[in-house]
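Peer 1: just need the structure, nothing else, for what follows:
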Amino acid sequence: MIYPPPAGARDLLPLDVAQKHWIEDRLEQVFQRWGYHRIITSTIERMDTLMAGGAIDQEAVIELQPAAGKRLGLRPELTASIARTAVTRLARVTYPQRLYYNANVFRQAAQGSHGSQQEFYQAGVELLGAGATVADAEILLLLMDCLKSLHLDTWCLILGNAQLTQALLEPFAPDQRQAVRQALASLDRVALERMGLPPELHQHALYLLDLRGHPEDVLQALGHLELDLDTAETVAGLKSLVALLREVTREDGDRPGPALTLDLSLIRPFDYYTGLVFEVVTGPDQGCQVLGQGGRYDHLLGVFQGQGQGFPGIGFVLNMETLHQTLLPTGYLPQDTPPSDWLVVPTVPQATAAAFTYAHTLRTSPSLVRAEVHLSVGEPPAATRALARQRRISRIAWIGPDGLPDIEALN
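Peer 2: I've put the predicted structure just below:
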């Protein structure tokens with residue numbers, strides 16, 4: 001009988017793991033160079049934690065059997081868990097706190113999509129306790145460094161602002177805003193046409209839909225709108241952010257600036273973000289795949305504090321599967337699993353203990369040495385050499401009855 005993996009799950013074979021680690025290791029080095037520290041949170045969360053702040057769509061959560069009357073679920077993302085940890089376990093640390101993670105998350109497959117993936121791997125950061133434009137710039141520049149470390153050159157950074165877009169939706173009636181918001185988020189002109197909006201509001205909706213392109217051009221177009229003081233300050237903050245990114249990337253010859261797009265229809269479907277939002281996508285020749293996304297959430301931590309106080313936070317997440325698929329054609333990922341350096345062969349049964357001892361000695365080297373003991377004692381030497389070459393092992397240590405090694409280097 002064949003036992004397949006559960007629907008929506010998949011296994012990672014050794015080469016998959018080696019390639020995944022290649023990506024993770026480079027991202028982790030960048031995170032640490034920027035002063036970020038790894039955090040590991042629980043895979044299982046209470047449902048009320050995941051629902052706090054409207055951050056998560058309940059339908060996306062894979063729920064577990066209730067325990068002691070409390071509903072539990074597998075985390076569909078990390079930000080809510082880190083926010084909970086920050087206000088309960090990190091209450092006495094100094095801020096800003098710079099945290100990063102490599103973790104798996106779980107999401108319920110959409111209805112009617114049997115077999116769709118439900119387990120995903122992510123790497124990301126959270127910058128807690130910093131709310132200025134310079135903090136937004138740090139996150140975006142860190143994201144650029146991450147992609148550079150992976151040798152990804154052709155990608156686009158799409159910026160938006162949830163607070164600004166929300167202000168631009170104010171002219172619509174309260175019962176219309178959500179539908180307009182969804183239509184803008186999905187770039188659905190047909191849905192806007194079908195809403196039967198008055199001509200003036202219909203034109204305003206189309207204007208918002210087209211507020212995307214070169215950042216300086218979009219910001220100039222916003223100048224033609226009547227904006228209240230708060231919204232004007234948000235626009236000024238975006239101008240400062242774009243100018244800072246341009247200046248840093250212009251002065252850094254090793255870090256060419258990415259293609260920047262300002263898209264005020266870039267909206268998350270949940271009431272999660274409060275300011276800057278962004279996506280990084282591959283170029284058209286790579287299918288415009290979303291490599292990662294993030295944004296500012298200045299109310300979420302206040303929800304977990306229970307005092308309703310705002311506490312600034314911003315972060316991003318990179319989608320490991322999409323990065324993996326994007327990098328596969330580039331040739332940068334490992335093409336094979338690392339071979340062992342040594343094959344230690346007991347030539348007679350009495351030499352088995354000495355073979356294990358010698359292999360242990362090899363493994364105690366300060367640098368990583370892979371040594372495996374040949375388990376087929378008494379096999380013809382020619383067969384052992386053929387096996388070693390097939391496994392790309394470069395050296396054999398033949399252990400004789402006296403326990404001493406006879407070293408052979410294979411061509």
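Peer 1: for the stretch 51-200 of the chain, which segments count as strands?
Peer 2: When secondary structure is read from DSSP state E, counting those that start in this stretch, the stretch 51-200 of the chain shows strands at 62-63, 72-74, 97-106, 119-128, 155-161.
Peer 1: any chance of those in JSON lines, with mean pLDDT and distance to Arg296 too?
Peer 2: Every residue, glycine included, has its C-beta placed from N, CA and C. Rendered in JSON lines, the data for those read as follows (pLDDT from 0 to 100; distance: least, CB to CB, whole Å):
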{"stretch": "strand 62-63", "mean pLDDT": "87", "distance to Arg296": "28"}
{"stretch": "strand 72-74", "mean pLDDT": "90", "distance to Arg296": "25"}
{"stretch": "strand 97-106", "mean pLDDT": "95", "distance to Arg296": "15"}
{"stretch": "strand 119-128", "mean pLDDT": "95", "distance to Arg296": "9"}
{"stretch": "strand 155-161", "mean pLDDT": "94", "distance to Arg296": "9"}
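Peer 1: now distance to Val218 too, for the ones you listed, in JSON lines please.
Peer 2: Supplementary listing: those in JSON lines, determined by distance: least, CB to CB, whole Å:
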{"stretch": "strand 62-63", "distance to Val218": "39"}
{"stretch": "strand 72-74", "distance to Val218": "39"}
{"stretch": "strand 97-106", "distance to Val218": "30"}
{"stretch": "strand 119-128", "distance to Val218": "25"}
{"stretch": "strand 155-161", "distance to Val218": "9"}
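Peer 1: wait, which of those is closest to Ser365?
Peer 2: Evaluated over the strands of the stretch 51-200 of the chain, closeness to Ser365 peaks at strand 97-106, with 27.4 Å, by CB to CB.
Peer 1: okay, buried residues for that closest one please.
Peer 2: Applying a neighbour-count criterion of 16 or more other CB atoms under 10 Å, the buried positions in strand 97-106 are Gln97, Arg98, Leu99, Tyr100, Tyr101, Asn102, Ala103, Val105, Phe106.
Peer 1: CA atoms of it as PDB?
Peer 2: Extracted as PDB, the C-alpha positions of strand 97-106 are listed here (Å, rounded to 0.1, in the frame of the first residue of the first chain):
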ATOM      1  CA  GLN A  97      14.000  45.700  18.900                       C
ATOM      2  CA  ARG A  98      15.300  44.100  15.700                       C
ATOM      3  CA  LEU A  99      14.000  40.500  15.300                       C
ATOM      4  CA  TYR A 100      14.200  38.000  12.400                       C
ATOM      5  CA  TYR A 101      12.800  34.500  11.800                       C
ATOM      6  CA  ASN A 102      13.000  31.500   9.600                       C
ATOM      7  CA  ALA A 103       9.900  29.400  10.100                       C
ATOM      8  CA  ASN A 104       7.100  27.400   8.500                       C
ATOM      9  CA  VAL A 105       3.500  28.600   8.500                       C
ATOM     10  CA  PHE A 106       0.300  26.900   7.700                       C
END
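Peer 1: report all helices and strands that it contacts.
Peer 2: Contact partners of strand 97-106 among helices and strands, from 3 or more CB pairs under 8 Å, 6 or more residues apart in numbering; DSSP states H and E: helix 14-33, strand 37-38, helix 79-88, strand 119-128.
Peer 1: worst average pLDDT in the ones you listed?
Peer 2: Mean pLDDT across the helices and strands packed on strand 97-106 is lowest at helix 79-88; the value there is a mean of 86.
Peer 1: any idea of the angle that helix forms with strand 119-128?
Peer 2: Compare the direction of helix 79-88 with that of strand 119-128 by axes from the mean of the first three to the mean of the last three CA atoms, to 10 degrees and you get 40 degrees.
Peer 1: low-confidence ranges in the protein?
Peer 2: Within the chain, the segments meeting pLDDT under 70 span 1, 53-56, 67, 111-115, 251-257, 268-271, 306-310.
Peer 1: go through it and flag its longest helix.
Peer 2: In terms of residue count, the longest helix belonging to the chain (DSSP state H) is helix 229-251.
Peer 1: can I get the following helix or strand past it as PDB, trimmed to CA atoms?
Peer 2: In the C-terminal direction, the helix or strand that comes right after helix 229-251 (DSSP states H and E) is strand 259-263. Listed next in PDB are the C-alpha coordinates belonging to strand 259-263 (Å, rounded to 0.1, in the frame of the first residue of the first chain):
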ATOM      1  CA  ALA A 259      12.900  49.700 -10.000                       C
ATOM      2  CA  LEU A 260      10.500  51.700  -7.700                       C
ATOM      3  CA  THR A 261       6.800  51.900  -8.300                       C
ATOM      4  CA  LEU A 262       4.300  53.800  -6.200                       C
ATOM      5  CA  ASP A 263       0.900  52.100  -6.300                       C
END
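Peer 1: which elements pack onto whichever helix or strand comes after strand 259-263?
Peer 2: Using DSSP H and E, the helix or strand that directly follows strand 259-263 along the chain is strand 276-282. The helices and strands touching strand 276-282, judged by 3+ CB pairs under 8 Å, 6+ apart, are helix 133-149, strand 155-161, strand 290-296.
Peer 1: again, 6 Å this time
Peer 2: In terms of contacts (3 or more CB pairs under 6 Å, 6 or more residues apart in numbering; DSSP states H and E), strand 276-282 is packed against strand 155-161, strand 290-296.
Peer 1: what about stretch 377-394, how long is it end to end?
Peer 2: Across stretch 377-394, the terminal residues are separated by 20 Å (CA to CA, to the nearest Å).
Peer 1: with stretch 171-191 instead?
Peer 2: Between the opening and closing residues of stretch 171-191 lies a distance of 18 Å (CA to CA).
Peer 1: now do that stretch: everything it contacts.
Peer 2: Residues external to stretch 171-191 that are found in contact with it (CB atoms under 6 Å, 6 or more residues apart in numbering): Leu169, Leu192, His204, Ala205, Leu209, Ser265, Ile267.
Peer 1: ok, these vs Ala388, which is closest?
Peer 2: Distance from Ala388 was checked for each of these by CB to CB. The minimum falls on Ile267, at 58.1 Å.
Peer 1: enumerate every residue touching that closest one.
Peer 2: When the contact criterion is CB under 6 Å, 6+ apart, the partners of Ile267 are Thr165, Arg181, Leu184, Ala185.
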